[in-house]
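# The following block contains a protein sequence and its predicted model.
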Amino acid sequence: MTMATYVSRQWAWQNSIALGALAFAAVACGVAFTVADTWLETPWIAVASIAILVACACIPLTITVAPAGVHVSLGGVLKRDIPAADIASVTVASYRPMREFGGWGWRFGLHDKRARAYTVTGSTALVLTLHDGGKVYLGVADDRKCAEALAQVTA
C-alpha cells in the first residue's frame with residue numbers, strides 16, 4: 001500500500017449556500033408534513049425524508065494525493081483515480097462554480113465539456129491539466145500543500 005502525501009477532506013455542511021438550501025428543504029418538509037398531517041399517519045416517511053436531507057450535509061469529499069496519482073471520493077460512492085502520468089500541469093486558479101459547473105460537488109463543465117470539478121466550497125481550486133486536454137478542478141483545504149504534493153508526484 002502506498003502512503004498518501006496529502007489528504008483533504010471537506011464536508012457539504014462547510015458550504016453555507018448548500019447548508020442553507022438543505023436547512024430550508026428540511027424546514028419545508030417539516031411544515032408540509034405538519035400541514036398534511038403526515039406526522040401521525042406515516043411518521044416514518046416524514047422522519048426518513050428529513051433524515052435524508054440532514055445526511056446530505058454530512059457527505060465528505062476526500063481528495064488524496066499519493067505516488068500513484070490523485071484519488072477523489074465523494075461519500076465513498078463516487079470515485080475517480082487520476083494517474084500521475086496523466087497530469088501535464090498543476091495550477092491554482094479562481095473560478096466561478098455556479099457559472100462554470102452549475103455549483104459545487106461532483107460536476108461536469110457547463111461550457112467546457114472536458115472539464116470536471118470535485119469541490120464542496122469556495123471559488124479557488126487546484127486545476128490539473130491532463131495530457132489529453134481535459135481539466136480537473138480540485139477543491140482542497142490547502143491549495144499550497146496539495147500543489148507541493150502533486151509537484152513531487154508528477155516530477
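Yes, it's here. Numbers count the residues shown, from 1 in each chain.

# who does the helix or strand of the chain with the lowest mean pLDDT touch, helix- and strand-wise?
The helix or strand of the chain with the poorest confidence is helix 38-41; it has a mean of 78 (mean pLDDT, DSSP states H and E). If contacts are counted by 3 or more C-beta pairs under 8 Å, 6 or more residues apart in numbering; DSSP states H and E, helix 38-41 sits against helix 43-56. (Each C-beta comes from the backbone N, C-alpha and C, glycine too.)

# ok now the helix it packs on, how far from the chain's centre?
Offset of helix 43-56 from its chain centre (C-alpha atoms, centre = their mean, to the nearest Å): 22 Å.

# buried set for the longest helix along the chain?
Scanning the chain for the longest helix, with DSSP state H as the assignment, gives helix 16-35. Neighbour-count burial for helix 16-35 flags A18, L19, L22, A25, A26, C29, F33 (criterion: 16 or more other C-beta atoms under 10 Å).

# How about residues contacting that helix?
12-13, 38-39, 45-46, 49-50, 53-54, 56-57, 104, 120-121 (C-beta atoms under 8 Å, 6 or more residues apart in numbering).

# what do you get for stretch 89-103?
By C-beta under 8 Å, 6+ apart, stretch 89-103 touches 104, 107-112, 115, 117, 119, 122-129, 137, 143-144, 147, 150-151, 154.

# again, 6 Å this time
Outside stretch 89-103, the residues that touch it by C-beta atoms under 6 Å, 6 or more residues apart in numbering are 104, 107, 110, 117, 123-129, 143, 147, 150.

# what's the answer for stretch 104-122, then?
Residues contacting stretch 104-122 (C-beta under 6 Å, 6+ apart): 10, 12, 14-15, 61, 72, 74, 78, 97, 101-102, 125, 134-139.
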